[in-house]
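**Student:** kindly generate the corresponding structure for this input.
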Amino acid sequence: MTRPKESGPVTSGPVVSGPVLPGPAVFGRLAVTLVECVDLPAMIAFYRDRLHLPVLAQGEDWISFDTGGGELVLGGKHGKRGITPGFVGADLEAAREALLGLDPTEITAHDTGRSFWIIDPDGNEIAFADHATRPER
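**Tutor:** From the prediction side, this is the model:
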């Protein structure tokens, strides 16, 4: 087998100088998928009874399933469809500061920790939370 010739560094465009950006650890790890449901009871039955995902926690208008390496959260509060990726274990203050140009929401507390949200260029919501795992039930 012949080794390819080295042609120097690969660049995809001009190098842009600017502020030092935070590393990925600031944003946490992608471990949660939130699915907004129009028919929450049907979705719960599907994931619990057909896919046999174990229930981690449940509230009045949401349920969380263990996916074996992450978490699937179904919610029906807004009566709309959509999928939101969620990064957990984030350094919320540093992550929010790094994303100020994207108009992040304020950091708010909820029953499993604190979080904030941004909108990506396609209009999808992305969540950042400080909890790495669900509290004990």
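
**Student:** C-alpha only now, for contacts and for neighbours.
**Tutor:** OK.

**Student:** can you give me phi and psi for T105?
**Tutor:** Backbone torsions of T105, given as degrees, to the nearest 10, read phi -70, psi 170.

**Student:** and it, what pLDDT?
**Tutor:** At T105, the model reports a pLDDT of 96.

**Student:** again with G89
**Tutor:** Per-residue pLDDT puts G89 at 90.

**Student:** for it, grab the count of nearby residues.
**Tutor:** For G89, the count of nearby residues is 18 (other C-alpha atoms under 10 Å).

**Student:** contacts only, for the most centrally placed residue in the chain.
**Tutor:** Nearest residue to the geometric centre of the chain (C-alpha atoms, centre = their mean): G86, 1.1 Å. The neighbourhood of G86, defined by C-alpha atoms under 8 Å, 6 or more residues apart in numbering, consists of 30-34, 126-129.

**Student:** one more: A31?
**Tutor:** Contacts of A31 by C-alpha under 8 Å, 6+ apart are 69-71, 85-88.

**Student:** redo that, cut-off 10 Å
**Tutor:** 67, 69-72, 85-89, 132-133 (C-alpha atoms under 10 Å, 6 or more residues apart in numbering).

**Student:** how near is it to L100?
**Tutor:** Separation of A31 from L100 (C-alpha to C-alpha, to the nearest Å) stands at 23 Å.

**Student:** a markdown table for the contacts of G86, including secondary structure?
**Tutor:** Formatted as a markdown table, these follow (DSSP: H, G, I helix; E, B strand; the rest coil):
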| residue | secondary structure |
| --- | --- |
| L30 | strand |
| A31 | strand |
| V32 | strand |
| T33 | strand |
| L34 | strand |
| I126 | strand |
| A127 | strand |
| F128 | strand |
| A129 | strand |
